[in-house]
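Undergrad: here is the input, now give the coordinates:
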Amino acid sequence: MNKFIRVNMETLEATVGSVPEKYVGLGGRALTSNFVNDEVNPTCHPLGKNNKLIIAPGLLSGTSAANSGRLSVGAKSPLTGTIKESNTGGSSSQMLAKMGIKAIVIEGVPKEDKFYIIKVTVDGVSIDEAPQEILGGCGNYDAIKILGEKYGDKVGMALAGPAGEYKLASANISFKDPDGNIRSAGRGGLGAVLGSKRVKGIVIDPEGAEPVPIADPEKFKAAAKVFAKALMDHPVSGQGLAAYGTDVLMNILNEAGGLPANNFTGGRIEHNDNISGETLNATITERGGEGKVSHGCHKGCVIRCSQWYSDKQGKYVTSGFEYETIWGLGADGGIKDLDIIAYIDRAMDDIGVDSIETAVAVATAMDGGLIPWGDGDMVLQIVKDMAKPTPLARIIASGTTVVGKVCGMFRVPVVKDQAIPAYDPRSVKGMGLTYATTTMGADHTAGYCVSGNILKVGADIDPLKKDGQIEYARAMQIGTAAIDSSGMCLFVYFGIADNPGGYQALIDMINAQYGLELTSDDLDELGKSVLKVEKDFNTRAGFTNQDDRLPEFMEYEPLPPHNEVWDFTPEEIDQVWNF
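TA: Numbering: from 1, shown residues only. Model prediction:
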């Protein structure tokens, strides 16, 4: 990848230059976070002209390596005020890599009150005015069809949905997948940043792209085969996720007593069978039609944890129907009907809002009396209202912290103003340390300690005890930063955590592609360097270790059924950063 694209929205000009020397050996999150730290003023307003948004494929993107189709998007977050890397599947990462594009940077704000489409081809970049029919409330599904008619149905797309146009803090960036459906760079409100640049969409036309160059093709092919086998041989990445999706975790976390329920007041629910991965599988199978139990969010995915959920007539409703979304609406918000949760999920994709932030904001609003508990029909209408936001829709789409303030609440499950996902820190203590200390606000993907705490993959650590958690959370965050930089899906961890050969194959693929001689220590150092860069940005933005804390109520409200509280001291929490 030898092209570095800058799009100046103030002048409506784009330049295609060579990759700055500092970024030549970086990809994915390592590139986005280094760039944001280098060029974005940490104290700037996230929606002002001085913020910049960068999109970067990973080191292995565009190759034949299994599960290497992930893309990183970086900027200063309007939700948290911190640095942010948001990760997504879809087609764009592989397309950009094959086009030789290392990164696309979008900076500045247009002088006119218009929205634009940025079109990227192998020959250059053009900036067109966005068609009026995709503005002012048009959903992402229709926008993909309209832009497909204009630019061709084989192009990749990144869209600011209606929520991004209105610069709502939970707005995501929606990416077209190989089937024309939607994948999201979900967390942190980066869709609002794209909207603030007046960019409605980015169209990526890969026609004429060449295969990604490989320095040692035979070595790469051999390593890729070992790597793919490691993923398929593991019971989680090779079997469980394909059969039940990420929602395989619903019954597991419910049994463990770590499933946050009714705005984090309990750790179990009684209607778990209504919304479990097993029920998801059975429903899709029984209905047939357009439903698919297993599906990949990008080409080359062998884990296939996505699915197509269909209605009672067998018609497609939504895909990428994730555990965290089903948990947030079904357990935290008490909605017991999987169908209505699926319709809400589709609406969130169509509007372009983060399904985790929105679901937790909804549950908080239920606790605060704005929405009746479990009222899925009302939630669906509120999400649809985000297209031309009503006051209540604006409040919910502004995030959980705002909802808590509006309702005068102290039980507000956020860290650095980002909603805590589907694992209660009091009963899954490793995840609590990740939530507290990650640079990006509460984020389970920043250091997925559920692996060792609950699933016993890569480690066996009692989730209810403090022993070993600090070291584990630290190691998981370092390793995750490296994986995010490679362009790999986070779930490859299952295939390499207990398989030294699988992990070595990952390193061998990078070495074979670039003609390097990296070791596992080098990958660890890469992960550490990414975290240090992100920490530096946040420090200069005004964050301190006092921001690395969980909500106070978790320290004194025991969580049933284990009746655990969050009992790490500030000094212990700070030790996660001792590396």
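Undergrad: could you pull out the strands for the stretch 151-300 of the chain?
TA: Assigned by DSSP state E, counting those that start in this stretch, the stretch 151-300 of the chain shows strands spanning 156-160, 173-176, 182-185, 199-204, 292-295.
Undergrad: now for the third one, which elements pack on it?
TA: Applying 3 or more Cβ pairs under 8 Å, 6 or more residues apart in numbering; DSSP states H and E, one finds that strand 182-185 contacts strand 83-88, helix 140-151, strand 173-176, helix 338-351. C-beta here means a position set from N, CA and C on the backbone, and glycine is covered the same way.
Undergrad: what's the answer for the first one, then?
TA: With contacts taken as 3+ Cβ pairs under 8 Å, 6+ apart, strand 156-160 sits against helix 92-98, helix 140-151, strand 173-176, helix 190-196, strand 199-204.
Undergrad: elements contacting the longest one?
TA: This points to helix 140-151. Contact analysis of helix 140-151 by 3+ Cβ pairs under 8 Å, 6+ apart lists strand 156-160, strand 182-185, strand 199-204, helix 338-351 as its packing neighbours.
Undergrad: lowest mean pLDDT across these, which one is that?
TA: Here the helices and strands packed on helix 140-151 differ in mean pLDDT, and the lowest is strand 182-185 at a mean of 94.
Undergrad: residue 420: how many residues sit nearby?
TA: Residue 420 has 28 neighbours, counted by other Cβ atoms under 10 Å.
Undergrad: with distance to residue 529 and mean neighbour count added, can I get the helices and strands packed on strand 182-185 in CSV?
TA: Shown next, in CSV, are the helices and strands packed on strand 182-185 (distance: least, Cβ to Cβ, whole Å; neighbours: other Cβ atoms under 10 Å):
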stretch, distance to residue 529, mean neighbour count
strand 83-88, 14, 28
helix 140-151, 35, 18
strand 173-176, 26, 30
helix 338-351, 34, 24
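Undergrad: now those in a markdown table, with distance to residue 472?
TA: Shown next, in a markdown table, are the helices and strands packed on strand 182-185 (distance: least, Cβ to Cβ, whole Å):
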| stretch | distance to residue 472 |
| --- | --- |
| strand 83-88 | 21 |
| helix 140-151 | 38 |
| strand 173-176 | 31 |
| helix 338-351 | 31 |
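Undergrad: out of the ones you listed, nearest to residue 39?
TA: With Cβ to Cβ as the criterion, residue 39 lies closest to strand 83-88 of the helices and strands packed on strand 182-185, at 11.9 Å.
Undergrad: residues contacting that closest one, please?
TA: With contact meaning Cβ atoms under 8 Å, 6 or more residues apart in numbering, strand 83-88 is reached by 29, 32-33, 36-37, 70-77, 172-173, 175, 183-190, 439-440, 445, 484, 490, 534, 537-538, 541.
Undergrad: ok, which stretches of the stretch 1-150 of the chain are strands?
TA: Residue ranges of the strands in the stretch 1-150 of the chain, as given by DSSP E, counting those that start in this stretch, are 3-8, 13-17, 52-57, 71-76, 83-88, 101-107, 116-121, 124-129.
Undergrad: longest helix in this structure, please.
TA: Ranked by residue count under DSSP state H, the longest helix found in the chain is helix 520-541.
Undergrad: tell me which residues in it are buried?
TA: 523-524, 526-531, 533-535, 537-538, 541 (16 or more other Cβ atoms under 10 Å).
Undergrad: ok, now stretch 409-420?
TA: Residues 409, 411-420 are the ones in stretch 409-420 that count as buried (16+ other Cβ under 10 Å).
Undergrad: for stretch 210-229, same thing?
TA: 212, 214, 219-220, 223-224, 226-229.
Undergrad: what sits closest to residue 516 if chain neighbours are left out?
TA: Residue nearest to residue 516 in three dimensions, not counting chain neighbours: residue 510, with 6.6 Å by Cβ to Cβ, 6 or more residues apart in numbering.
Undergrad: where does the one you found sit: helix, strand or coil?
TA: State at residue 510, reduced to three classes by DSSP: H, G, I helix; E, B strand; the rest coil: helix.
Undergrad: got the contact list for it?
TA: Residue 510 makes contact with 59-60, 486, 516, 518 under the criterion Cβ under 8 Å, 6+ apart.
Undergrad: wait, doesn't residue 427 sit right on residue 464?
TA: Yes. With contact defined as Cβ atoms under 8 Å, residue 427 reaches residue 464; the gap is 6.4 Å.
Undergrad: tell me the confidence at the residue nearest to residue 343 when sequence neighbours are not counted?
TA: What sits nearest to residue 343 in space, not counting adjacent residues and going by Cβ to Cβ, 6+ apart, is residue 380, at 5.7 Å. Reading off the confidence values, residue 380 has pLDDT 98.
Undergrad: how close does residue 380 get to residue 448?
TA: 30 Å (Cβ to Cβ, to the nearest Å).
Undergrad: which one's more surrounded, the two?
TA: Shown here are residue 380 and residue 448; by other Cβ under 10 Å, residue 448 has more neighbours (25 against 20).
Undergrad: the more buried one reaches residue 491, doesn't it?
TA: No. Between residue 448 and residue 491 there is no contact under Cβ under 8 Å: 9.1 Å.
Undergrad: residue 173: what's it in contact with?
TA: When contacts are counted by Cβ under 8 Å, 6+ apart, residue 173 touches 73, 86, 88, 158-160, 164, 184-185, 190-191, 194, 352.
Undergrad: please disregard the earlier target; I meant residue 216.
TA: Contacts here follow Cβ under 8 Å, 6+ apart; on that basis residue 216 touches 511-513, 515.
Undergrad: what of residue 346?
TA: 317-318.
Undergrad: how far away is it from residue 311?
TA: Distance, residue 346 to residue 311, by Cβ to Cβ: 10 Å.
Undergrad: what do you get for residue 432?
TA: Residue 432 sits 38 Å away from residue 311, going by Cβ to Cβ.
Undergrad: related to what we said a few turns ago, nearest to residue 82, of the contacts of residue 216?
TA: Distance to residue 82 across these (Cβ to Cβ) is lowest for residue 513, with 31.6 Å.
Undergrad: pretty sure that closest one contacts residue 211?
TA: No. Residue 513 is not in contact with residue 211 according to Cβ under 8 Å; the separation is 11.5 Å.
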